[in-house]
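**Q** Just the structure for this:
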Amino acid sequence: MKFLVGKADAASGVFLVSGDQARLIADAGDDLMGMIQSGAIAPDYDALPGPDVAVAEITPALPVAEPGKIICLGLNYVDHIKEGGYDIPEYPALFMRARNSIMPAGAPMVRPSCSEKLDYEVELMLIVGKGGRHISEDQALSHVFGYTVFNDGSVRDYQRKTHQWTPGKNFDDTGAIGPFVVTPDELPEGATGLKIESRVGDEILQSATTSDMMWSVAKTIATISEYTTLEEGDLIAMGTPPGVGHAKTPPRWLRPGEVVEVEIEGIGICASPIVDEAEAYAGAAE
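**A** Next up, the predicted model:
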């Protein structure tokens, strides 16, 4: 199944997607948490009442509006590790993102006023469907509700200010998620073997496959659940392949007026227009 949370003129909530059309399956204001918590299975598309809505007419919202945790892998592709000048880690490089750092696909990605070094990172992201602690690797995939696309927008000079990456990974409105969530039965086991790519227009920035990940989805879930209880609706980002902007010569930063697209085969495209902070928050209360 493929889901899209968002709003159209006549309806808003959770939509079930079929091709370029969608039908509403949950009421206005809902996200995927109700389905996750209830274990509900969406009905067959043709059995849904109500009219079709063109996917192109739906403004995406976050799949999970208020995730309890947003956990990210920093280094999960060998060639990306090398281009960043890091040693190959023996344990995943994990960091957290805050809620105000993420936004839906289609919403502006904000280049902050204090830096021009806004970078892109296409990543596979999973939504936890069943919580737990000390989850075994062989049971881990049963804890996945679905997969989506994530652009881990990173402000590189702030990321490098300390050994902790928190500042550079948590600027407001720099982490785009969505728009689609695809259930595991629609994809290869563990979402392996999928083409993963980022681009601006015709310029290919990153292009790889999710089979290149050092830590699989199952291994990552098992590792994280050793130290924290995973909960329904938590988000886990699986790291980015090589080709990021800071490693290019000269560096390739995202610029206002551009639209960056990140895509994963079988899931979809997450597009974000780039805007300056002053434009993004013009008129906002101090």
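**Q** who's in contact with C72?
**A** L94, F95, M96, R97, E123, D152, K169, I236, A237, G239 (Cβ atoms under 8 Å, 6 or more residues apart in numbering). The C-beta positions use only the backbone N, C-alpha and C, and glycine is treated the same way.
**Q** make that P241, sorry
**A** Y77, D79, H80, V122, I196, Q206, S207, A208, D212.
**Q** Same question for I224.
**A** With contact set as Cβ under 8 Å, 6+ apart, I224 has these partners: I71, L94, L230, I236.
**Q** ok, of those, which one's closest to L32?
**A** I236 (14.9 Å; Cβ to Cβ).
**Q** what does the domain assignment say about the chain?
**A** The chain breaks down into these structural domains: 2-60, 70-280 (assignment by automatic domain parsing).
**Q** any idea of the mean pLDDT in the helix ranked longest in the chain?
**A** Longest helix of the chain, by residue count under DSSP state H: helix 217-224. Helix 217-224 shows an average pLDDT of 98 in the prediction.
**Q** how close does A42 get to A278?
**A** The gap separating A42 from A278 is 42 Å, by Cβ to Cβ, to the nearest Å.
**Q** With neighbour numbers in mind, choose between those two.
**A** A42 (18 against 12; other Cβ atoms under 10 Å).
**Q** Now name the helix or strand holding the more buried one.
**A** According to DSSP states H and E, A42 maps onto no helix or strand at all.
**Q** Which residues are in contact with the spatially most central residue of the chain?
**A** Nearest to the geometric centre of the chain sits F150, at 2.2 Å (Cα atoms, centre = their mean). When contacts are counted by Cβ under 8 Å, 6+ apart, F150 touches V122, E123, L124, M125, G175, A176, I177, L235, A237, V262, C270.
**Q** can you map out the strands along the stretch 101-250 of the chain?
**A** 102-104, 109-111, 118-119, 122-128, 144-152, 154-155, 175-177, 180-182, 195-200, 203-209, 235-237 (DSSP state E, counting those that start in this stretch).
**Q** which of the ones you listed sits most buried?
**A** Neighbour counts (mean count of other Cβ atoms under 10 Å) averaged over each of the strands of the stretch 101-250 of the chain peak at strand 175-177, with a mean of 28.
**Q** and that one, how far out from the chain's middle?
**A** Strand 175-177 sits 5 Å away from the centroid of its parent chain (Cα atoms, centre = their mean, to the nearest Å).
**Q** Averaged pLDDT, it. What do you get?
**A** On average, strand 175-177 scores 98.
**Q** Could you list the paired strands of that strand along with their orientation?
**A** Under the criterion DSSP bridges, strand 175-177 sits next to strand 102-104 (parallel), strand 144-152 (antiparallel) in its sheet.
**Q** what's the average pLDDT for stretch 196-204?
**A** 98.
**Q** One more: stretch 258-277?
**A** According to the model, stretch 258-277 has a mean pLDDT of 98.
**Q** Report the buried residues of it.
**A** Neighbour-count burial for stretch 258-277, counted by 16 or more other Cβ atoms under 10 Å, picks out 258, 260-264, 266-268, 270-272, 274-277.
**Q** taking these one by one, which sit in helices?
**A** Reading helices off these with DSSP H, I get E277.
**Q** measure G50 to G13 for me?
**A** In terms of Cβ to Cβ, G50 sits 11 Å off from G13.
**Q** overlap in contacts of the two?
**A** L24.
**Q** Who has more neighbours out of these two?
**A** More crowded of G50 and G13, by other Cβ under 10 Å: G13, with 18 against 10.
**Q** hang on, the more buried one packs against D27?
**A** Yes - at 5.2 Å, G13 and D27 qualify as touching, with contact defined as Cβ atoms under 8 Å.
**Q** In contact with the residue nearest to A280 when sequence neighbours are not counted, which residues?
**A** Leaving aside its sequence neighbours, A280 sits nearest to V110 (Cβ to Cβ, 6 or more residues apart in numbering; 4.5 Å). Residues in contact with V110, defined by Cβ under 8 Å, 6+ apart, are F171, D172, D173, T174, V275, D276, E277, A280, Y281.
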